[in-house]
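>>> Here's my sequence, what's the structure:
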Amino acid sequence: MNIKEEYDVIIVGAGPAGLECAKTLINSNISVLLINKDKVHKKLCCNYLPIRDFSILPKKVINHNFPFLEIDYNHIQTSFDFKKDKIYVTDRKILFENYMALIKKSKNINYLGGIYVSKVFKDYIVLQNGDKIRFKFIVGADGSNSIIRNYLKIPSKKVLFAIQYPSRKHFKNIKVFFNNKVFPGGYGWIGAHKNYTVIGGGLLISESKKFRQNIENWIKENKFDVKWKEVQSCILNCDYQGYRFNNFFLTGDAAGLVSALTGEGIYPAALSGRQAAYDILGIKKNILKSWLINKRFQDYAAKFTNKLPKSKIILNLLIAIFGRAAYKLALT
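Coordinates of the predicted model:
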């Protein structure tokens, strides 16, 4: 594939935000280059999708579903049966391949994988091999350590730290743990998937002192058998300062759209990717507003998680993940 010296739009990152942005620009008269540092997008993520997410994500990305959510609040057990509104789960490879099947058929989008952007300037980028490519618009979909956000000099003061370990035992259901000593300002999880399970936790980075040691002790105390050497960790940016800066766009984690309460990121990432594409196409439609309102509520609730009684913590979690349906369920 011949890569041109100039594109109307360069999208940096091929996660849910970058892929949705590219998909929305398919078959337009806009030339697009989608760049991804990995050949397949990889990221630490539980990949759970409430039913609301399919207002923007294709249902083909569903890999499995769970009818129950179990919650452990300081050893007090609660479980919820969501009946029709199940918790769905995807796989990043499935999500990536589903989008790429459409993108590769398009005439106006080029894909460049296995290479990263080393420098950013006001109207061109420099790749790791030294190639320069000019742009009219650039979309930062490159995660919490975004080179685009760094170029714009936008700090990230509110971030989550997450760590997890592959389990040797496969669990059949999802379980969330609230424990103020182990997860101050956050929560732990047994992240069950179709064929594997991960066990870990996450919290605001301001509370992360000795967190790794605490969670490893918690895993040992619960006698979870994990693969210690295959530890996975990442930071998730919750510090939203805007998504458009003239011809620069920030989406997903790069924009700080992750919920500080639940760590949810796939849905707002895809939503913001489509919003950036709408702006570029001149479509006057604000689809990001509803998430920003929801995120503001969730981030506010996250500040007081440790001080709330267990019933309100559970209610906040359910509202954040499952919206109105969960709210009605929690009240019955």
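
>>> State the distance from the residue nearest to residue 165 when sequence neighbours are not counted to residue 219.
Nearest residue to residue 165, sequence neighbours excluded (Cβ to Cβ, 6 or more residues apart in numbering): residue 226, at 3.8 Å. Every residue, glycine included, has its C-beta placed from N, CA and C. Residue 226 is 6 Å from residue 219, where distance means Cβ to Cβ, to the nearest Å.

>>> Now the common contact residues for the two.
Common contacts of residue 226 and residue 219 (Cβ atoms under 8 Å, 6 or more residues apart in numbering): 165, 199.

>>> right, and residue 80 touches residue 66 too?
No. Distance between residue 80 and residue 66: 10.8 Å, which falls outside the contact criterion (Cβ atoms under 8 Å).

>>> Nearest residue to the residue nearest the centre of the chain in space, please, no chain neighbours.
Centroid check for the chain by Cα atoms, centre = their mean gives residue 265 as the closest residue, at 2.8 Å. Leaving out its chain neighbours, the residue that sits closest to residue 265 by Cβ to Cβ, 6+ apart is residue 258, at 4.4 Å.

>>> show me where pLDDT drops low in the stretch 151-300 of the chain?
Low-confidence segments of the stretch 151-300 of the chain (pLDDT under 70): 206-209.

>>> Can you classify residue 189 as helix, strand or coil?
For residue 189, the assignment made with DSSP: H, G, I helix; E, B strand; the rest coil gives strand.

>>> Okay, and the beta partners of it?
Beta bridges link residue 189 to residue 176, residue 200, judged by DSSP bridges.

>>> repeat for residue 160
Assessed by DSSP bridges, residue 160 has beta-bridge partners residue 204, residue 236.

>>> Could you pull out the helices in the stretch 151-300 of the chain for me?
Ranges of helices in the stretch 151-300 of the chain, per DSSP state H, counting those that start in this stretch, are 211-221, 252-255, 266-281, 289-303.

>>> so which of the ones you listed is the most packed in?
Greatest average neighbour count among the helices of the stretch 151-300 of the chain goes to helix 252-255 (a mean of 32), per mean count of other Cβ atoms under 10 Å.

>>> Just give me the neighbour total for the closest residue to residue 241 other than its chain neighbours.
Leaving aside its chain neighbours, residue 241 sits nearest to residue 154 (5.2 Å; criterion: Cβ to Cβ, 6+ apart). When counting by other Cβ atoms under 10 Å, one arrives at 19 neighbours for residue 154.

>>> if I read this right, residue 180 contacts residue 74, doesn't it?
Yes. Under the criterion of Cβ under 8 Å, residue 180 makes contact with residue 74 at 7.4 Å.

>>> Could you double-check that residue 31 lies in contact with residue 4?
Yes. Using Cβ under 8 Å, residue 31 is in contact with residue 4, at 7.1 Å.

>>> more crowded one of those two?
A count of neighbours by other Cβ under 10 Å puts residue 31 above the other of residue 31 and residue 4, at 18 against 10.

>>> Got phi/psi on the residue nearest to residue 265?
Per-residue torsions, residue 258: phi -70, psi 140 (degrees, to the nearest 10).

>>> May I ask which helix or strand encompasses residue 125?
strand 124-127 (DSSP states H and E).

>>> Against which helices or strands is that strand packed?
strand 117-120, strand 132-140 (3 or more Cβ pairs under 8 Å, 6 or more residues apart in numbering; DSSP states H and E).

>>> I'd like to check what contacts the first one. Which residues are they?
The list of residues contacting strand 117-120 from outside it, by Cβ under 8 Å, 6+ apart, reads 12, 35, 37, 125, 126, 127, 128, 138, 142, 147, 148, 151.

>>> And those, which is closest to residue 57?
Set against residue 57, the nearest of the contacts of strand 117-120 by Cβ to Cβ is residue 142 (19.9 Å).

>>> isn't the closest one right next to residue 250, touching?
No. Using Cβ under 8 Å, residue 142 is not in contact with residue 250; the gap is 9.3 Å.

>>> overlap in contacts of the two?
Counting by Cβ under 8 Å, 6+ apart, the common neighbours of residue 142 and residue 250 are residue 148.

>>> and the closest residue to residue 47 other than its chain neighbours, what are its bridge partners?
Distances taken as Cβ to Cβ, 6+ apart place residue 90 nearest to residue 47, at 4.9 Å, with adjacent residues excluded. With DSSP bridges applied, residue 90 shows beta-bridge pairing to residue 62.

>>> And for residue 90, the neighbour number?
22.

>>> any idea how far residue 250 is from it?
As judged by Cβ to Cβ, residue 90 and residue 250 stand 23 Å apart.

>>> which ones are touching residue 124?
Applying Cβ under 8 Å, 6+ apart to residue 124 gives the contacts 132, 133, 134, 135.

>>> Would you list the buried entries among these?
The neighbour-count test (16 or more other Cβ atoms under 10 Å) applied to these identifies 133, 135 as buried.

>>> rewinding a little: can you tell me which of the contacts of strand 117-120 lies closest to residue 54?
Of all these, residue 142 has the smallest distance to residue 54: 25.1 Å, by Cβ to Cβ.

>>> That's all I had, so thanks and see you.
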